[in-house]
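> Return a 3D structure for these sequence lines:
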Amino acid sequence: MTFGDTRFSFGKLVLFALGAGVLVLLVSIPIILLIARWSPIAGLVVALIAVLAMIAAIGTVSRRMIATAEREILAARAAEDAARSHDPRPRVIDPQTVEPTDRNSSTDG
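The predicted model follows:
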């Protein structure tokens with residue numbers, strides 16, 4: 001996969017996210033209507049919970065889709081960087097020759 005091959009579509013994101021919200025709405029409407037017959041206040045509370053569930057569903061779906069696209073893009077960038085590398089051997093760091101990164105003058109003897 002190259003960087004240009006990443007497949008992210010805003011249309012697909014909108015369709016799936018709003019589809020999840022509509023699915024929550026379709027499930028919650030009959031429940032709201034049944035509970036509203038018993039008590040209007042309870043129906044209102046369930047309706048508010050349904051709105052929060054819709055928001056959570058839309059957020060969860062969109063976050064997961066964006067995270068998947070981000071992982072694909074980062075993997076494609078890493079693959080391109082590895083392909084551009086001229087030295088196929090891994091870089092070996094010798095701890096004896098590496099300078100320490102933290103210089104604390106109080107502990108230097």
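
> measure the spatially most central residue of the chain to Thr60 for me?
When CA atoms, centre = their mean is applied to the chain, the residue found nearest the centroid is Ala67 (3.2 Å). Separation of Ala67 from Thr60 (CB to CB, to the nearest Å): 11 Å. No exception for glycine: its C-beta is placed from N, CA and C like everyone else's.

> again with Lys12
16 Å.

> do Val46 as well
20 Å.

> ok, the two, which is more surrounded?
Val46 (18 against 12; other CB atoms under 10 Å).

> would you list every one of the helices in this protein?
10-38, 40-84 (DSSP state H).

> shouldn't Leu13 be in contact with Ser62?
Yes - here Leu13 reaches Ser62: they are 6.1 Å apart, a contact under CB atoms under 8 Å.

> tally of neighbours for Leu23?
Leu23 has 13 neighbouring residues, counting by other CB under 10 Å.

> pretty sure it contacts Ala57?
Yes - applying CB under 8 Å, one finds Leu23 in contact with Ala57, separated by 7.2 Å.

> Packing partners of the helix or strand of the chain with the lowest mean pLDDT?
Among the helices and strands of the chain, helix 40-84 carries the lowest confidence by mean pLDDT, DSSP states H and E, at a mean of 90. If you count contacts as 3 or more CB pairs under 8 Å, 6 or more residues apart in numbering; DSSP states H and E, helix 40-84 packs onto helix 10-38.

> Can you point out the buried residues in the helix it packs on?
Applying a neighbour-count criterion of 16 or more other CB atoms under 10 Å, one finds Phe16, Ala17, Ala20, Gly21, Val24, Ser28, Ile32, Ile35 buried in helix 10-38.

> Also stretch 64-74?
So for stretch 64-74, counting by 16+ other CB under 10 Å, buried means Met65, Ala69, Glu72.

> residue contacts, the first one?
The contact partners of Met65, taken as CB atoms under 8 Å, 6 or more residues apart in numbering, are Lys12, Leu13, Phe16, Ala17.

> Would you mind measuring from the first one to Ala67?
What it means is Lys12. 14 Å.
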